[in-house]
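In: Mind looking at a prediction? Sequence and model below.
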Amino acid sequence: MTSFDCFNNKSILITGHTGFKGSWLTAWLLSLGANVTGISLPSQEGNSHFESLDASKSINDFRFDIRNFNLLKDKISEIRPDFIFHLAAQAIVKESYKDPLTTWSTNCIGTINLLDCARDLSNSCTIVMITSDKCYENNEWIWGYRENDRLGGSDPYSSSKAAAELAIRSYFRSYFSGSKDNSIRIASARAGNVIGGGDWSPHRIVPDCVKAWSTKKTVSIRNPNATRPWQHVLEPLSGYLLLASKLTEIENLNGESFNFGPNSDNNYSVVELVRKMSENWDQVKWDESPDLAESKYESTLLKLNCDKALDKLNWKSALSFSETVEMTTEWYKSYYEKKSTIKLFTYDQISKYAEIARKNNIKWAT
């Protein structure tokens, strides 16, 4: 019996289920035997990991904006979920500069809408609110940020995520704390710089590379020296699942926040990531062309301290940097070589990740 058996045959709501993280979480929960409902915006044109999984046939698939409070409240009351994973967001820093209003309203008001709907739930429900590592006031420290460090952020995306964290804290203290028999359990999860197969988002280095390389084009690296704590998408998802599982069991986790990041030796520059990817992809070219105009969009250094997750949840990352990059590039190679089998390949990677975690004696997998 593993920590994730608790999701079998449970009603689970995922907001943002068609996004990069959301589609992988949907697949993982389906493999665990969960009854999944998803709420997301209508699909956009272009590649979609969710669509390639053909997942809409296996879940309750709803498409509307979480800023529509009345519709969201009606749907949550109807679903009566046992678990909620809130991932719906405007998640691109560069886009937040272009459209700050949508970024703020989606990331902050959308979060508040969900929290307010939870106030009226008559059933027990465990809620994991996913924000971002960028919710911290970034001082370009060489050490990792802890959960009790100052929230902040200069760009609209980062500051909207900090505001979401404040809203979560306010709602917990005002409505969801107190007696031990409180039926709503809630916690926030912070992670960032996630890579993996199925990410087609604009202005992200991995999708930019594979889109160019698949057509034998040269990719331009605009911020080659920026350092990131790269992690595979399944790493933080394992943390979200474990946090939800433990929240149902351990009272003093209620209202807490947790960082989920890679081992400290997974901090590499953007160009180092590209070089590692090139080892698993034939005939690639890139151009290191630092763009000063891009410098306002991203911080140069940001990493997390995940000691709290290790201490209270027995969670830690399972993959090395090489394994992370290899799993990512192998997914895209499989997609371009035989798109019709990518659903099976996705589920195989989830199984492969769990097996690696077991071999590394990761507690949730044993």
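Out: Done, it's in. Numbers count the residues shown, from 1 in each chain.
In: now the strands for the stretch 101-250 of the chain?
Out: Assigned strands in the stretch 101-250 of the chain, in chain order: 125-130, 184-190, 194-195, 218-221, 227-229, 231-232 (criterion: DSSP state E, counting those that start in this stretch).
In: To Glu51, which of those strands lies closest?
Out: For Glu51, the closest of these is strand 194-195, at 19.7 Å, according to Cβ to Cβ. C-beta: built from backbone N, CA, C; applies to glycine.
In: So what's the gap between the closest one and the chain middle?
Out: Mean-position distance between strand 194-195 and its chain equals 8 Å (Cα atoms, centre = their mean, to the nearest Å).
In: What strands flank that strand, and is each parallel or antiparallel?
Out: Here strand 194-195 has these sheet partners by DSSP bridges: strand 231-232 (parallel).
In: for the strand it pairs with, what is the average pLDDT?
Out: Strand 231-232 shows an average pLDDT of 96 in the prediction.
In: that's a helix at Ser351, yeah?
Out: Yes - per DSSP: H, G, I helix; E, B strand; the rest coil, Ser351 lies within a helix segment.
In: quick one, what contacts it?
Out: Neighbouring residues of Ser351 by Cβ atoms under 8 Å, 6 or more residues apart in numbering: Ser31.
In: What pLDDT does the model give it?
Out: 97.
In: can you map out the helices along the stretch 101-250 of the chain?
Out: Counting by DSSP state H, counting those that start in this stretch, the stretch 101-250 of the chain has helices at residues 110-119, 156-171, 205-213, 234-247.
In: which other helices and strands contact the lowest-mean-pLDDT helix or strand in the chain?
Out: In the chain, no helix or strand scores lower on mean pLDDT, DSSP states H and E than strand 227-229, which sits at a mean of 83. Packing partners of strand 227-229 (3 or more Cβ pairs under 8 Å, 6 or more residues apart in numbering; DSSP states H and E): strand 267-269, helix 270-278.
In: Give me the pLDDT for Tyr297.
Out: For Tyr297, pLDDT reads 52.
In: Tell me which residues touch the closest residue to Asp208 other than its chain neighbours, please.
Out: Using Cβ to Cβ, 6 or more residues apart in numbering and skipping residues adjacent in sequence, the residue nearest Asp208 is Val219, 5.5 Å away. Listed by Cβ under 8 Å, 6+ apart, the contact set of Val219 reads Asp208, Cys209, Ala212, Trp213, Val274, Val284, Lys285, Trp286, Asp287.
In: what stretches of this structure score poorly on pLDDT?
Out: By pLDDT under 70, the low-scoring segments of the chain are 1, 45, 178-181, 290-301.
In: Try it again at 50.
Out: For the chain, no stretch has pLDDT under 50.
In: sorry, back to before: can you tell me which of the helices of the stretch 101-250 of the chain comes nearest to Asn148?
Out: It's helix 156-171; of the helices of the stretch 101-250 of the chain, that one is closest to Asn148 (Cβ to Cβ) at 11.6 Å.
In: send the alpha carbons of that closest one over as PDB?
Out: Taking Å, rounded to 0.1, in the frame of the first residue of the first chain, the C-alpha atoms of helix 156-171 are listed here in PDB:
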ATOM      1  CA  PRO A 156       2.600  41.100 -12.400                       C
ATOM      2  CA  TYR A 157       2.800  37.300 -12.400                       C
ATOM      3  CA  SER A 158       5.000  36.900  -9.300                       C
ATOM      4  CA  SER A 159       3.200  39.600  -7.300                       C
ATOM      5  CA  SER A 160      -0.200  38.000  -8.200                       C
ATOM      6  CA  LYS A 161       1.000  34.700  -6.800                       C
ATOM      7  CA  ALA A 162       2.200  36.400  -3.600                       C
ATOM      8  CA  ALA A 163      -1.300  38.000  -3.400                       C
ATOM      9  CA  ALA A 164      -2.900  34.500  -3.900                       C
ATOM     10  CA  GLU A 165      -0.800  33.200  -1.000                       C
ATOM     11  CA  LEU A 166      -2.000  36.000   1.200                       C
ATOM     12  CA  ALA A 167      -5.600  35.300   0.300                       C
ATOM     13  CA  ILE A 168      -5.100  31.600   1.100                       C
ATOM     14  CA  ARG A 169      -3.700  32.400   4.500                       C
ATOM     15  CA  SER A 170      -6.500  34.900   5.200                       C
ATOM     16  CA  TYR A 171      -9.300  32.400   4.200                       C
END
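In: Many thanks, have a good one.
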